[in-house]
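Colleague: Next one to model:
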Amino acid sequence: MIPSSFLASRLGFSQVPLEKPAMAIPHALFVFLIESYLRSQPFHEEAYLRSNPDVAEASGPGISRPPRNIT
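Modeller: Purely as a prediction, here's the structure:
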C-alpha cells in the first residue's frame, strides 16, 4: 500500500493537520489522480518478477517479450 503522505507530497498537496476537516473528492477524480501517478512511475519487470515468483513461473523461462507501454 502506498502511504498517503507519500502520495500527498508527490501530488503537490501539503499535509493537513488532523484537527482540520477532511476534503471529499469525487471517486472518479480520486481514481484519475491515482492512475495518473502510477502511470508516471517506471515499471521494473525484473524486480516485479522477483517479487512475484508465481508470475515469473507462469511466464516461463526463456520467453522473450517486447517491452510494453501499459496505459
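
Colleague: can you pull out the helices in the protein?
Modeller: Using DSSP state H, the helices of the chain run over residues 4-10, 27-39, 45-51, 53-59.

Colleague: TSV please, covering those and showing mean neighbour count.
Modeller: For the C-beta atoms, the positions are set from N, CA and C on the backbone; glycine is no exception. As requested, the helices of the chain are exported to TSV (neighbours: other Cβ atoms under 10 Å):
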stretch	mean neighbour count
helix 4-10	11
helix 27-39	11
helix 45-51	11
helix 53-59	11
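
Colleague: With mean pLDDT added, can I get those in TSV?
Modeller: TSV is the format used below for those (pLDDT from 0 to 100):
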stretch	mean pLDDT
helix 4-10	74
helix 27-39	90
helix 45-51	88
helix 53-59	87
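
Colleague: Now do Gly12 against Ser36, distance only.
Modeller: Distance, Gly12 to Ser36, by Cβ to Cβ, to the nearest Å: 12 Å.

Colleague: Make sure Val55 is actually in contact with Glu45.
Modeller: No. Counting by Cβ atoms under 8 Å, Val55 stays clear of Glu45, with 10.0 Å between them.

Colleague: Just the pLDDT at Thr71, thanks.
Modeller: Looking at Thr71, its pLDDT stands at 54.

Colleague: Sorry, slip of the keys, the one I care about is Leu11.
Modeller: Value listed for Leu11 in the pLDDT field: 74.

Colleague: OK, contacts around it?
Modeller: Taking Cβ atoms under 8 Å, 6 or more residues apart in numbering, we find Leu11 in contact with 33, 37.

Colleague: Now it. Its backbone dihedrals?
Modeller: Leu11 adopts backbone torsions of phi -90, psi 0, taken as degrees, to the nearest 10.

Colleague: Distance check, it against Phe32.
Modeller: For Leu11, the distance to Phe32 - Cβ to Cβ - is 11 Å.

Colleague: Pick out the residue closest to the middle of this structure.
Modeller: Nearest to the geometric centre of the chain sits Leu38, at 3.8 Å (Cα atoms, centre = their mean).

Colleague: what about that residue, distance to Val55?
Modeller: In terms of Cβ to Cβ, Leu38 sits 18 Å off from Val55.
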